[in-house]
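K.L.:
just need the structure, nothing else, for what follows:
(2 chains)
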There are 2 protein chains.
Amino acid sequence: MRISQLSAASGVPIPTIKYYLREGLLPAGEQTSATRAEYGARHVRRLRLVRALLEVGRLPIAAIRAVLKAVDDETLSMHHVLGTAHYAIAPAIEPHPDAEAWHAARSEADRLIADLGWQVDAHAPTRDELAQVILTLDRLGMPTTGEALRPYAETAMELVTEHEIGTIPLDRTREEAVEALIIGTVVHGRALDVLRRLAQESASARIFGTRAGGADRGPDATP
Amino acid sequence: MRISQLSAASGVPIPTIKYYLREGLLPAGEQTSATRAEYGARHVRRLRLVRALLEVGRLPIAAIRAVLKAVDDETLSMHHVLGTAHYAIAPAIEPHPDAEAWHAARSEADRLIADLGWQVDAHAPTRDELAQVILTLDRLGMPTTGEALRPYAETAMELVTEHEIGTIPLDRTREEAVEALIIGTVVHGRALDVLRRLAQESASARIFGTRAGGADRGPDATP
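P.N.:
You can find the predicted model right below:
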């Protein structure tokens, strides 16, 4: 197909497609004449993935290149490709000024992961994210031991094994698997966060509510 | 106690305390002389709450005032106070340009909440957050029906009823209840998100990993 048809098939405007081609996020089409290139299904797939990495994962171009490089390197295992995408979407953690407190929180995070028996790389940035949460809880005088976080860990693993990991389409292309992982991780993560707050309101209405339906609400709730 | 002792007891610097007093986030102490005011335990509690709203909830001063007003209004039910705090920490949702798509997503969100039998106020901003997630999934060609989100909804409600709502200290002051809600909602929400991504890596290592321990990882994971 021509670039105009690729644009129609993918819903990505032609100027954006040309930008991706310049940035090397999309492989060049097959040059059929000096002024014409032919694109195929893999270009449509790649465009979907780039959109997901950009709009859902909010990744910088450099990180997207790294993910695409892993997707294209057939010598890499699926676990490596998913890991590359996974780490690329993990928020960067600024090191905490108090080195001692940070070290303690990081050790607590490592201990929790070890106690859970989870297979997490020793250099996973997610370990630092967990340490940061533990540090915040500690500063607020909340319990930070594994026991306090275990219910969240068990809930998370149950969700992943029963509803998430199985939905990654491994029978199709690596692009599709990575796209599914990005969308699943980011958007379903947002869904879980929102639904949890909705569940909290509902539970609060049942337990503390004066009227059913929660008509008795905060100011910004009233029309 | 004097303002210096209040600062020591709360860990909040004196200039910050004076700023809170000016902004009306902290009630004035009892004036014992022209130059001296006496502060008590309620000031320490209020300072903890203001810190939680500012640092954990990242609330603007105006929103903090609204929450404190609800905390102080003894005629309001606990559900109203918690709701006020809850809505204050909910991220603002920018209306989607495509009015028709937005309306459809919002209807889908309302339908899911109704199907779950949850008691959520008709004007809860959280309904718009859920609509936004549904719209994003839809744009990405992912299933958005209640069925696709139900596992997340059930997981969320299970977590809330079994581990969260019961931990709000209702036997103590309203300040403490709201503080616990803010911390629980924001920080434990972050904990759940991080632990879910850790669980995904572990599950991926078990299922797709070429080596145990996930040593075969993405580039930014290697030391």
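
K.L.:
just the strands in chain A please.
P.N.:
A:30-33, A:36-38 (DSSP state E).

K.L.:
JSON lines for those strands, including mean neighbour count?
P.N.:
C-beta here means a position set from N, CA and C on the backbone, and glycine is covered the same way. Formatted as JSON lines, the strands of chain A follow (neighbours: other CB atoms under 10 Å in any protein chain shown):
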{"stretch": "strand A:30-33", "mean neighbour count": "9"}
{"stretch": "strand A:36-38", "mean neighbour count": "14"}
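
K.L.:
could you dump the ones you listed to CSV with distance to residue B:203?
P.N.:
Shown next, in CSV, are these (distance: least, CB to CB, whole Å):
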stretch, distance to residue B:203
strand A:30-33, 39
strand A:36-38, 40
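
K.L.:
figure out which of the ones you listed is closest to chain B.
P.N.:
Among the strands of chain A, the nearest to chain B by CB to the nearest CB is strand A:36-38 (24.8 Å).

K.L.:
residue A:8: neighbour count?
P.N.:
Residues near residue A:8, counting by other CB atoms under 10 Å in any protein chain shown, number 12.

K.L.:
re the thing from before, out of the strands of chain A, flag the one nearest residue B:145.
P.N.:
Of all the strands of chain A, strand A:36-38 sits nearest to residue B:145, with 37.7 Å by CB to CB.

K.L.:
residue A:4 contacts residue A:12, correct?
P.N.:
No - with contacts counted by CB atoms under 8 Å, residue A:4 stays clear of residue A:12, the gap being 11.5 Å.

K.L.:
neighbour-wise, which of those two wins?
P.N.:
More crowded of residue A:4 and residue A:12, by other CB under 10 Å: residue A:12, with 19 against 11.

K.L.:
quick one, what contacts the more buried one?
P.N.:
With contacts defined as CB atoms under 8 Å, 6 or more residues apart in numbering or on different chains, residue A:12 is in contact with A:6, A:20, A:47, A:51.

K.L.:
6 Å instead, please
P.N.:
residue A:47 (CB atoms under 6 Å, 6 or more residues apart in numbering or on different chains).

K.L.:
can you tell me how far it is from chain B?
P.N.:
According to CB to the nearest CB, to the nearest Å, residue A:12 and chain B sit 13 Å apart.

K.L.:
ok so, going back, same list (the strands of chain A) but as a markdown table, adding mean pLDDT and distance to residue A:124.
P.N.:
Below are the strands of chain A laid out as a markdown table (pLDDT from 0 to 100; distance: least, CB to CB, whole Å):
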| stretch | mean pLDDT | distance to residue A:124 |
| --- | --- | --- |
| strand A:30-33 | 90 | 40 |
| strand A:36-38 | 91 | 40 |
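
K.L.:
reformat the ones you listed as JSON lines; add distance to chain B.
P.N.:
Putting the strands of chain A into JSON lines (distance: least, CB to the nearest CB, whole Å) gives the following:
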{"stretch": "strand A:30-33", "distance to chain B": "27"}
{"stretch": "strand A:36-38", "distance to chain B": "25"}
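
K.L.:
show me the one of these that comes nearest residue A:115.
P.N.:
Checked against CB to CB, the stretch from the strands of chain A lying closest is strand A:30-33, at 53.9 Å.

K.L.:
for the closest one, the distance to its chain's centre please.
P.N.:
Mean C-alpha position of strand A:30-33 versus that of the full chain (CA atoms, centre = their mean, to the nearest Å) differs by 37 Å.

K.L.:
that strand pairs with which strands, and in what direction?
P.N.:
strand A:36-38 (antiparallel) (DSSP bridges).

K.L.:
ok now the strand it pairs with, how far from the chain's centre?
P.N.:
Relative to its parent chain, strand A:36-38 has a centroid offset of 34 Å by CA atoms, centre = their mean.

K.L.:
with stretch A:39-58 instead?
P.N.:
On the basis of CA atoms, centre = their mean, stretch A:39-58 sits 15 Å off its chain's mean C-alpha point.

K.L.:
what's the closest non-adjacent residue to residue A:151?
P.N.:
Distances taken as CB to CB, 6 or more residues apart in numbering or on different chains place residue B:163 nearest to residue A:151, at 4.3 Å, with adjacent residues excluded.
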